[in-house]
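Asks: Give me a model of this one.
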Amino acid sequence: MEALRPDAFLKELADQREAMWVKMTAEKKSYGAEKPLTQKVMIRRLQFGVVMERRAAEVTARWIPHVPDLDIQHALAEYVANELKHAAILRERITELNEEPDALWEKPLKDLKNLWDYHGSLGSFCELLASVQYGHEEFFPRTSKSFIQRVEPLDPRTASIYRDTLLADEEAHEWLAPEALRRYALDAEMQRRCVEALRKGCELFARAIQGFNQATPNEIS
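Replies: Take a look at the predicted model:
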């Protein structure tokens with residue numbers, strides 16, 4: 001099989017990602033993803049965010065020395081710094097609410113652990129970018145906008161953190177994954193591996209979201 005041109009390759013990745021989004025959207029009502037927000041549910045969401053931001057930084061950081069182009073290397077380093085900043089901000093907010101910030105970090109949900117173990121096992125920078133940054137992180141603005149609308153009446157401070165910091169920073173590095181994949185995922189085998197990584201990563205992300213929403217507080221703590 002011949003390699004796809006960059007635009008066709010990115011479209012194949014996007015098609016796989018959007019198919020998973022449609023599936024997740026169809027299934028989410030069955031496992032309580034839109035349950036009424038209480039402070040306890042909100043705090044669990046913040047704890048989940050700490051794990052997601054911190055793990056994204058950690059699995060990405062190890063690839064920085066292997067990036068050939070300085071502009072991509074620089075942007076990737078900024079991405080890692082932003083993810084760690086976000087984790088720290090969310091931890092601080094949880095602490096302000098007199099709760100334990102690392103409940104999901106110290107004893108993570110099984111499906112959440114499986115997600116990041118998979119990303120940590122990927123054998124190339126391109127596969128990781130396809131799965132995380134071009135894959136399920138594209139869902140973050142969509143789910144966050146819904147969360148902001150729901151949390152605003154309960155906790156305007158938390159809504160502001162998501163709207164004014166997390167979402168703003170995400171928008172600043174949206175170009176990174178597609179640009180890097182255009183440059184580096186050029187042969188058919190690498191493109192195949194990237195598509196498979198995105199498909200698997202989105203599938204594991206969907207399981208992590210479902211498992212999180214189904215878990216009771218006793219299962220999380």
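Asks: Which helix or strand contains residue 114?
Replies: helix 110-121 (DSSP states H and E).
Asks: can I assume residue 90 is in contact with residue 49?
Replies: Yes - applying C-beta atoms under 8 Å as the test, residue 90 and residue 49 come out as touching, 4.8 Å apart. Using the backbone N, CA and C atoms, a C-beta is placed for each residue, glycine as well.
Asks: And the residue nearest the centre of the chain, how far from residue 100?
Replies: With distances taken as C-alpha atoms, centre = their mean, residue 137 lies nearest the centre of the chain, 3.9 Å away. Counting by C-beta to C-beta, to the nearest Å, the gap between residue 137 and residue 100 amounts to 26 Å.
Asks: How about residue 207?
Replies: Distance from residue 207 to residue 100, by C-beta to C-beta: 24 Å.
Asks: and residue 191, which of the three is it?
Replies: Following DSSP: H, G, I helix; E, B strand; the rest coil, the label given to residue 191 is helix.
Asks: how close does it sit to residue 213?
Replies: 33 Å.
Asks: okay, the two: which has more neighbours?
Replies: Legend: neighbour count by other C-beta atoms under 10 Å for residue 191 and residue 213, higher for residue 191 (24 against 18).
Asks: my read: that one touches residue 11, true?
Replies: No - with contact defined as C-beta under 8 Å, residue 191 does not reach residue 11; the gap is 11.7 Å.
Asks: count of neighbours near residue 175?
Replies: For residue 175, the neighbour count with other C-beta under 10 Å is 10.
Asks: for it, phi and psi?
Replies: The phi/psi pair for residue 175 (degrees, to the nearest 10) reads phi -70, psi -20.
Asks: if I pick it, what's in contact with it?
Replies: The contact partners of residue 175, taken as C-beta atoms under 8 Å, 6 or more residues apart in numbering, are residue 75.
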